[in-house]
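Q: below is the structure, and that's it, no one-letter string:
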Ligand code: GCU
């Protein structure tokens with residue numbers, strides 16, 4: 001009876017469920033945070049038995065009893081109580097981290113898994129507000145805190161947060177998160193992808209402390225096309241957000257601008273700047289920018305640069321630039337799970353720099369924030385993309401809203417990163433009326449959120465009608481993007497490497513062209529000859545032939561070969577060669593450089609000096 005009473009007490013909490021997450025807090029990276037990372041207990045729940053009753057109704061939307069609702073972490077009150085789970089006797093997973101790479105029996109697991117963490121919260125400074133911030137959870141997260149459902153987040157690669165100020169206790173705060181990585185036809189991405197479906201709390205979980213009226217969001221970038229004007233806004237959140245004073249300081253430039261927010265807590269600004277050191281590869285200058293509101297300060301490290309196109313050129317700070325790139329999946333070269341640490345980012349980006357890159361394509365979804373912060377510091381330009389990949393349900397409104405939300409969260413998180421120059425809407429999607437509507441809406445949304453960066457998408461090439469051995473881009477979205485990018489696999493999926501010398505290109509749009517993918521598979525250490533598939537010689541031969549072909553495509557302003565490192569994929573099952581890995585990397589998953597690595601490195605070094 002006692003047990004039922006305590007459950008009913010919780011019922012009152014549940015009924016005031018907060019659905020949906022709060023506005024994303026920008027620059028959590030530099031704020032006052034308390035980490036909730038570490039060992040979390042977990043329960044694997046493929047039948048979602050901890051979420052649904054036997055009528056398949058969610059416990060958190062039904063009247064009691066919920067004895068088996070995992071989010072309550074119920075304990076038997078006496079010897080008669082029936083409780084059929086116990087988090088505290090279960091094993092633990094390291095958070096952050098995908099579950100697949102932490103336990104052999106979870107390598108292929110796709111379904112629901114419950115995480116549980118208890119923690120004390122000592123800093124009960126009542127003038128502070130406290131937010132639970134997730135770097136990412138793949139794919140769908142249901143978050144419960146001290147018996148209350150905070151909300152749900154869908155999308156595996158962007159951050160989200162919930163305010164918990166009024167729910168926190170000094171002792172034994174109970175955080176329970178259900179993460180479900182099932183692939184869904186209506187999902188973004190959908191059922192078929194060529195990467196591993198790593199599930200879980202894949203990025204850090206933090207408590208972010210803010211003032212009662214805090215700096216929730218801001219954009220501080222160069223005005224589009226203007227090397228000497230900083231333009232942007234600051235958005236406050238809290239009761240005192242209106243008519244509030246904010247100071248924007250860039251002390252090195254002797255800039256100190258006073259702003260006053262409007263009734264909605266927002267202040268817009270344009271600040272003329274002299275003697276700015278513009279961010280660029282080779283000289284990635286970052287300024288310390290301080291925003292001081294009445295109750296708190298937020299500091300960020302921001303680079304200032306312009307990125308534009310002029311005809312078929314890409315202009316960085318008004319000067320033409322060639323993008324010497326490489327594509328990268330978010331997989332750790334140090335432990336082969338989802339990459340997530342600064343060390344993972346350091347290793348991946350250092351290999352890109354060793355290749356001679358000034359640009360990376362972060363495929364096929366937003367990577368962890370360490371990658372962008374490090375690209376800022378290392379002077380690598382970045383293509384970021386959302387996982388609108390292959391066969392998305394173009395006509396499904398919920399699918400579109402999901403894609404748009406992921407795009408919004410990506411831009412909101414990274415809009416102050418100088419390294420990010422391109423937002424990509426999609427990868428290898430079919431030229432269909434419904435898809436064109438879907439992508440056009442995404443492109444409009446991207447431009448409304450950020451008019452300073454370029455938009456693109458990895459399109460597909462086709463035969464040029466009526467002209468033999470000639471390829472082109474026959475896709476209406478090519479008229480929407482700023483940069484015309486396409487993937488091509490001549491010599492791998494399309495003939496043999498020497499076919500490259502027989503193909504011409506005729507691309508009519510007067511736009512910069514990026515080749516967003518080309519490549520070939522090679523098993524590291526497998527040598528025979530350049531005509532034998534999977535050998536290092538074949539891959540190297542394909543690179544040589546492709547690079548010669550690229551030199552003959554007039555408007556090409558760069559490319560990002562597929563891919564830096566071999567990566568896990570359930571689609572790649574050839575024994576002794578693939579064994580569950582896509583082998584198009586220039587390095588193996590063990591970090592072994594293949595011959596083609598040096599071929600590309602030599603080409604980029606030549607490109608730099610000529
Ligand atoms: C496609 C796709 C990649 C995939 C690659 C391949 O172009 O964009 O995600 O891994 O080809 O087939 O290896």
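A: Structure's in. What do you need? Fair warning: this is a prediction, and the values are worked out from it, not measured in the lab. Numbers count the residues shown, from 1 in each chain.
Q: ranges for the strands of the stretch 401-550 of the chain?
A: 420-427, 454-460, 462-463, 470-472, 484-487, 504-505, 513-517 (DSSP state E, counting those that start in this stretch).
Q: out of those strands, which comes closest to residue 71?
A: Closest of the strands of the stretch 401-550 of the chain to residue 71 is strand 420-427, at 35.8 Å (criterion: C-beta to C-beta). All C-beta atoms are positioned from the backbone trio N, CA, C, and that covers glycine.
Q: could the strands of the stretch 401-550 of the chain be laid out in JSON lines, adding distance to residue 167, mean neighbour count and mean pLDDT?
A: Below are these laid out as JSON lines (distance: least, C-beta to C-beta, whole Å; neighbours: other C-beta atoms under 10 Å; pLDDT from 0 to 100):
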{"stretch": "strand 420-427", "distance to residue 167": "35", "mean neighbour count": "26", "mean pLDDT": "98"}
{"stretch": "strand 454-460", "distance to residue 167": "40", "mean neighbour count": "23", "mean pLDDT": "98"}
{"stretch": "strand 462-463", "distance to residue 167": "55", "mean neighbour count": "13", "mean pLDDT": "96"}
{"stretch": "strand 470-472", "distance to residue 167": "58", "mean neighbour count": "18", "mean pLDDT": "97"}
{"stretch": "strand 484-487", "distance to residue 167": "46", "mean neighbour count": "24", "mean pLDDT": "98"}
{"stretch": "strand 504-505", "distance to residue 167": "59", "mean neighbour count": "17", "mean pLDDT": "97"}
{"stretch": "strand 513-517", "distance to residue 167": "45", "mean neighbour count": "26", "mean pLDDT": "98"}
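Q: would you check that residue 474 makes contact with residue 484?
A: No - the criterion here is C-beta atoms under 8 Å, and residue 474 misses it with residue 484 at 11.8 Å.
Q: centre of the chain versus stretch 580-600, how much separation?
A: Here stretch 580-600 shows a centroid-to-chain-centroid distance of 23 Å under the convention C-alpha atoms, centre = their mean, to the nearest Å.
Q: quickly find the element holding the closest residue to residue 189 other than its chain neighbours.
A: Distance criterion C-beta to C-beta, 6 or more residues apart in numbering; nearest residue to residue 189, sequence neighbours excluded, is residue 387 at 4.1 Å. Counting by DSSP states H and E, no helix or strand carries residue 387.
Q: how close does residue 387 sit to residue 202?
A: For residue 387, the distance to residue 202 equals 14 Å [C-beta to C-beta, to the nearest Å].
Q: give the contact list for the residue nearest to residue 189.
A: 156, 157, 188, 189, 193, 364, 365, 406, 427 (C-beta atoms under 8 Å, 6 or more residues apart in numbering).
Q: look at the residue in the stretch 1-150 of the chain that the ligand sits nearest to and say how many residues are nearby.
A: Of all residues in the stretch 1-150 of the chain, the one sitting closest to the ligand is residue 138 (16.6 Å; C-beta to the nearest ligand atom). Residue 138 is flanked by 22 other residues according to other C-beta atoms under 10 Å.
Q: quick check: closest non-adjacent residue to it.
A: What sits nearest to residue 138 in space, not counting adjacent residues and going by C-beta to C-beta, 6+ apart, is residue 156, at 3.0 Å.
Q: ok, back up a step: mind listing the shared neighbours of residue 387 and residue 202?
A: By C-beta under 8 Å, 6+ apart, the residues touching both residue 387 and residue 202 are residue 156.
Q: I'd like to know how far the residue of the stretch 51-200 of the chain found nearest the ligand sits from residue 487.
A: As assessed by C-beta to the nearest ligand atom, the ligand sits closest to residue 194 within the stretch 51-200 of the chain, at 3.7 Å. Distance from residue 194 to residue 487, counting by C-beta to C-beta: 12 Å.
Q: how about residue 190?
A: As judged by C-beta to C-beta, residue 190 and residue 487 stand 18 Å apart.
Q: what of residue 554?
A: With C-beta to C-beta as the criterion, residue 554 and residue 487 are 19 Å apart.
Q: likewise for residue 151?
A: 37 Å.
Q: residue 532 now?
A: From residue 532 across to residue 487, the span is 24 Å (C-beta to C-beta).
Q: how many other residues sit next to residue 214?
A: 22.
Q: what comes up buried for stretch 45-54?
A: 45, 48, 49, 50, 51, 52 (16 or more other C-beta atoms under 10 Å).
Q: same question for stretch 177-196.
A: For stretch 177-196, the neighbour count (16+ other C-beta under 10 Å) marks 177-181, 184, 187-190, 193-196 as buried.
Q: and stretch 210-229, by the same measure?
A: Applying 16+ other C-beta under 10 Å to stretch 210-229 flags 210-211, 213-223 as buried.
Q: now flag whichever of those is closest to the ligand.
A: The nearest member of the buried residues of stretch 210-229 to the ligand, counting by C-beta to the nearest ligand atom, is residue 221 at 29.5 Å.
Q: any idea what the closest one is bridged to?
A: According to DSSP bridges, the residues that bridge with residue 221 are residue 231.
Q: I'd say it and residue 227 touch.
A: No - if you go by C-beta under 8 Å, residue 221 and residue 227 don't touch, sitting 11.9 Å apart.
Q: from residue 576, how far off is residue 84?
A: Distance from residue 84 to residue 576, by C-beta to C-beta: 45 Å.
Q: count of neighbours near residue 283?
A: Residues lying near residue 283 (other C-beta under 10 Å) number 10.
Q: residue contacts, it?
A: Counting by C-beta under 8 Å, 6+ apart, residue 283 has contacts 277, 379.
Q: what's the answer for residue 544, then?
A: 497, 599.
Q: same question for residue 520.
A: 491, 492, 497, 538, 539, 542, 543, 584, 596.
Q: which element, helix or strand, includes the spatially most central residue of the chain?
A: Centrality entry for the chain: nearest residue to the mean C-alpha point is residue 366, 1.4 Å, by C-alpha atoms, centre = their mean. Remark: residue 366 resides in no helix or strand, with elements defined by DSSP H and E.
Q: where does the chain dip in pLDDT?
A: 1-20, 64-65, 124-126 (pLDDT under 70).
Q: so the residue of the stretch 251-400 of the chain found nearest the ligand, which of the three states?
A: Closest contact between the stretch 251-400 of the chain and the ligand, by C-beta to the nearest ligand atom, is at residue 364 (5.8 Å). Under the three-state scheme (DSSP: H, G, I helix; E, B strand; the rest coil), residue 364 adopts coil.
Q: I'd like to know how many residues surround it.
A: So residue 364, with other C-beta under 10 Å, has 24 neighbours.
Q: same thing with the one 3 residues further on?
A: By other C-beta under 10 Å, the residues close to residue 367 number 28.
Q: check the one 4 residues further on too.
A: By the measure other C-beta under 10 Å, the count of residues near residue 371 is 28.
Q: for the residue nearest to residue 88 when sequence neighbours are not counted, phi and psi?
A: Among residues not flanking residue 88 along the chain, residue 41 sits closest, at 6.2 Å (C-beta to C-beta, 6+ apart). Residue 41 adopts backbone torsions of phi -70, psi 150, taken as degrees, to the nearest 10.
Q: identify the bridge partners of residue 41.
A: Under the criterion used (DSSP bridges), residue 41 bridges to residue 92, residue 116.
Q: lovely, talk soon.
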